[in-house]
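Chemist: Need a 3D model of the sequence below.
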Amino acid sequence: MQLSNLANPLPSNPKKHTPIHGLAKQNQGRGSLVTCNILINHFRRTINHNNEYQEEVSLASPTYRSELQPSLFKVQAIAISPQKSKYPSHFNPLQKLAATFLNKIEALLVIPLEKTHPLPKTIDPSVQISGNFAPVGECPVHHGLEVVGQIPESLCGGVYLRNGANPMHAPTGGHHLFDGDGMIHAVTFGSRNRASYCCRYTLTSRLEQEAELGRPVFPKPIGELHGHLGLARLALFMARAGVGLVDPTRGAGVANAGLVYFNGRLLAMSEDDLPYHIKMKDDGDLETIGRFSFHGQLDCPMIAHPKVDPVTGELHALSYNVASKPYLKYFCFDAFGKKTRGMDVTLAQPTMIHDFAITENFVVIPDHQVVFKLSEMIRGGSPVVCDRNKTSRFGVLPKNDAEESEIQWIDVPNCFCFHLWSAWEENTTIGDKIVVVIGSCMDPPDSIFNESVHTVRSELSEIRLNLSTGESTRRVIVFGMNLEAGQVNRKILGQKTRFVYLAIAEPWPKCSGFAKVDLETNEVTRFMYGAGRFGGEPCYVPKGEDFGIRNCGSDDGEGFVMSFVRDEKEERSELVIVEASTMVQVASVRLPTRVPYGIHGTFVCGDELKGQNVCSLL
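Modeler: Numbers count the residues shown, from 1 in each chain. So this is what the prediction gives:
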């Protein structure tokens, strides 16, 4: 699909369309033998409550159109092309002149030069946002959706939410899948087998400023910041900021990756900004409250995977800096949102640390080979590279110790885990203290960011860090299967885990199903979505218990697994719910619009919703 086919201009009379939600108000070695069971979805019993799903979809965004046909949802929703520049009323004549001048430089020099350089697949928009990776418009709440099967009673009153990158504007240059604006898709489970759905942009400062200008102006950190033209993009942005056309101090992140529910707040995160507080409304809709700094206690970005300790209720998090020291920070908030610890972590070079782990007594910090080298842009390359001369290592930090000197670093050569699923502590028969880390080891390490002739491998692995001897071992648990994006029972995070639920990322980067891996027996049970059907990260929800602090149950595999699935042949999206103990589908919810493949999600139960904090203070 060519980029020109992705362009969908604004309607000629936008006043006849509803403005985008919320903007109107502002204008090593093989593992042991694995036993594998395969279950393929053939569930087709249907229950219809009413015909509400056959009504025409009225998307909130003026820049997207969709049509809904009986029994078959066909949605054509794609990123818009930059329109004729708009000048906000607060711009003075000099700012308008500067904006026109800078826009012409971009249109006449930068964009034509970019088009003369072939793009690698990792940042080619025709690859990265084609098919069901293409963005969609906002969808207001739709109630009374068609349900196939029976929604488990323990899910009723709760909400499944999944984040993802959904660019508002069609890219003018390179675009990586992680570059898009954040959009959250939500399915709310009601009583009597009913469900509703909506999707909304997270109204980041970046999105609001670009919507006000009618064009993308913030550089895309992965897709555009390559080589000399990437430097030119940075220079344009700095010039726009210098004359007051944009304000990066208000935030430049997209909030498109992680979701965490902490201290009564749903927070949407990316690596490059503060979290954004999202309100879940009583009618199933979503509303962005705003950028959240924990009441002024946080003055730096937070990575997409903070960890909530299920015993203490504390939230542990990291922040990395690509340009200046300290390259890494660690901080912790107590169960009531008060910052209790914070420290700088010394690294020799800026490193991408997308995820980390906690145990009962430790925080486990990876320092791997994917690093940021801004000097590579001068040489014409990407600033995100794999440093083969660097030895990967893990830092083990006592939770209750605020001194960096207490971090014990243990080398784990040739290891890169984009995600860590679980970690816990053990003792050997001779009394050695072991930290066990379960993660997906990826090779080539930078394959997500840079094109490679080698086939991507992401294998579930066990890493054992011996705190007594300072040594490590690593083994592959499931060999020859790409397992990426998933979850464990979050009620026992930091304790020994038996089951992990992971997407089967095949054919990469699509996910053809998910796997339940028994870490005690190495048994793998696969649930496959079926021919032409693909999903994303599986979300595990324990059965019949709330998520309160200190409510830590056993990891018996009892619960449910859910994921959005797209049938590419039937052009239909649904939410599939699978019973974890049997790996049999029990229900699916037919959705009123296309749901693109996304990133990470979470489940918020009804009891948590009752304690939701909607305070708008930073």
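
Chemist: Every contact and neighbour count from this point should use C-alpha atoms.
Modeler: Will do.

Chemist: So which residues of the stretch 101-250 of the chain form strands?
Modeler: With strands called from DSSP state E, counting those that start in this stretch, the stretch 101-250 of the chain shows them at 139-142, 147-149, 159-165, 182-189, 195-201.

Chemist: List the contacts of Phe218.
Modeler: Contacts for Phe218 (Cα atoms under 8 Å, 6 or more residues apart in numbering) come out as Arg206, Glu210, Phe237, Ala252.

Chemist: what about 10 Å?
Modeler: 206-207, 209-210, 233-234, 236-238, 240-241, 246, 248, 252-253 (Cα atoms under 10 Å, 6 or more residues apart in numbering).

Chemist: Could you do Asp334 as well?
Modeler: Asn263, Val308, Asp309, Thr312, Gly313, Glu314, Leu315, His316, Thr340, Arg341.

Chemist: Relative to Arg250, how far out is Ala423?
Modeler: Using Cα to Cα, to the nearest Å, we find Ala423 at a distance of 36 Å from Arg250.

Chemist: Compare the two (neighbour count), which wins?
Modeler: Higher neighbour count among Ala423 and Arg250: Ala423, with 26 against 14, using other Cα atoms under 10 Å.

Chemist: that older thread, of all the contacts of Asp334, which comes closest to Cys139?
Modeler: Of all these, Cys139 sits closest to Asn263, with 27.8 Å by Cα to Cα.

Chemist: List the contacts of that closest one.
Modeler: Counting by Cα under 10 Å, 6+ apart, Asn263 makes contact with 308, 313-315, 333-337, 608, 611-613.

Chemist: hmm, try it at 7 Å
Modeler: Ala335, Phe336, Gly337 (Cα atoms under 7 Å, 6 or more residues apart in numbering).

Chemist: Report pLDDT for it.
Modeler: Asn263 is assigned a pLDDT of 92 by the prediction.

Chemist: dump the residue contacts of Gln408.
Modeler: Gly395, Val396, Leu397.

Chemist: Apply 10 Å and report the result again.
Modeler: Contacts of Gln408 by Cα under 10 Å, 6+ apart are Val364, Arg393, Phe394, Gly395, Val396, Leu397, Pro398, Leu467, Gly470.

Chemist: follow-up on the earlier one: show me the contacts of Phe218 that map onto helices.
Modeler: Using DSSP state H, the members of those that fall in helices are Arg206, Leu207, Gln209, Glu210, Arg233, Leu234, Leu236, Phe237, Met238, Arg240, Ala241.

Chemist: these two touch, right, Glu271 and Ala317?
Modeler: No: applying Cα atoms under 10 Å, one finds Glu271 not in contact with Ala317, separated by 11.3 Å.

Chemist: pLDDT below threshold where in the stretch 451-600 of the chain?
Modeler: 451-453, 544-557 (pLDDT under 70).

Chemist: Tell me the spacing between Tyr327 and Thr100.
Modeler: From Tyr327 over to Thr100 (counting by Cα to Cα), the distance is 37 Å.

Chemist: I'd like to know which of the contacts of Asn263 are buried.
Modeler: Neighbour-count burial within these applies to Ala335, Gly337; the criterion is 16 or more other Cα atoms under 10 Å.

Chemist: Which ones among the contacts of Asn263 map onto helices?
Modeler: Those of those lying in helices (DSSP H): none at all.

Chemist: in this protein, which segments are predicted with low confidence?
Modeler: Using pLDDT under 70, the chain drops low at 1-86, 378, 380, 402, 445-447, 450-453, 544-557, 615-618.

Chemist: ranges for the helices of it?
Modeler: Using DSSP H, helices in the chain cover 93-105, 111-115, 125-128, 205-213, 227-242, 375-378, 606-610.

Chemist: Quick one: list the elements packing against the first one.
Modeler: In this structure, helix 93-105 makes packing contacts with helix 227-242, judged by 3 or more Cα pairs under 10 Å, 6 or more residues apart in numbering; DSSP states H and E.

Chemist: Could you rerun that using 7 Å?
Modeler: Applying 3 or more Cα pairs under 7 Å, 6 or more residues apart in numbering; DSSP states H and E, one finds that helix 93-105 contacts no other helix or strand.

Chemist: got the angle for that helix vs helix 227-242?
Modeler: Relative orientation of helix 93-105 versus helix 227-242 (axes from the mean of the first three to the mean of the last three Cα atoms, to 10 degrees): 170 degrees.

Chemist: what's in contact with helix 93-105?
Modeler: Tyr87, Leu236, Val243, Leu245.

Chemist: Could you give me the buried positions within it?
Modeler: Buried, per 16+ other Cα under 10 Å, within helix 93-105: Gln95, Lys96, Ala98, Ala99, Leu102, Asn103.

Chemist: Same check on the longest one?
Modeler: In terms of neighbour count (16+ other Cα under 10 Å), helix 227-242 has its buried residues at 227, 229-234, 236-241.

Chemist: which other helices and strands contact that helix?
Modeler: Helix 227-242 packs on helix 375-378, going by 3+ Cα pairs under 7 Å, 6+ apart.

Chemist: And for the helix it packs on, what's in contact with it?
Modeler: Taking Cα under 7 Å, 6+ apart as the rule, helix 375-378 contacts His226, Gly227, His228, Ser382, Pro383.

Chemist: again, 6 Å this time
Modeler: Residues outside helix 375-378 that contact it (Cα atoms under 6 Å, 6 or more residues apart in numbering) are His226, Gly227, His228, Pro383.

Chemist: How far off centre is it?
Modeler: Its chain's C-alpha centre and that of helix 375-378 lie 27 Å apart, by Cα atoms, centre = their mean, to the nearest Å.

Chemist: how about Glu537, what does it touch?
Modeler: Ala485, Gly486, Ala503.

Chemist: Nearest residue to the last one in space, please, no chain neighbours.
Modeler: It stands for Ala503. Phe514 (4.2 Å; Cα to Cα, 6 or more residues apart in numbering).

Chemist: Return the residues in contact with the residue positioned nearest the centre of the chain.
Modeler: Closest residue to the average C-alpha location of the chain: Ala257 at 2.3 Å, with Cα atoms, centre = their mean. Contact analysis of Ala257 by Cα under 6 Å, 6+ apart lists Asn163, Gly164, Met269, Ser270, Ala304, Ile599, His600.

Chemist: just Gly174 next, same as before
Modeler: Here Gly174 is in contact with Ile123, Asp124, Gly223, Glu224 (Cα under 6 Å, 6+ apart).

Chemist: Now flag whichever of those is closest to Thr359.
Modeler: Distances from Thr359 to these, taken by Cα to Cα, are shortest for Gly223, at 35.3 Å.

Chemist: can you tell me how far the closest one sits from Thr351?
Modeler: With Cα to Cα as the criterion, Gly223 and Thr351 are 18 Å apart.

Chemist: repeat for Ala257
Modeler: Going from Ala257 to Thr351 by Cα to Cα gives 18 Å.

Chemist: Please apply the same query to Pro398.
Modeler: For Pro398, the distance to Thr351 - Cα to Cα - is 21 Å.

Chemist: Comparing the two, which residue is more hemmed in?
Modeler: Taking neighbours as other Cα under 10 Å, Pro398 and Thr351 compare with Thr351 leading, 24 against 19.
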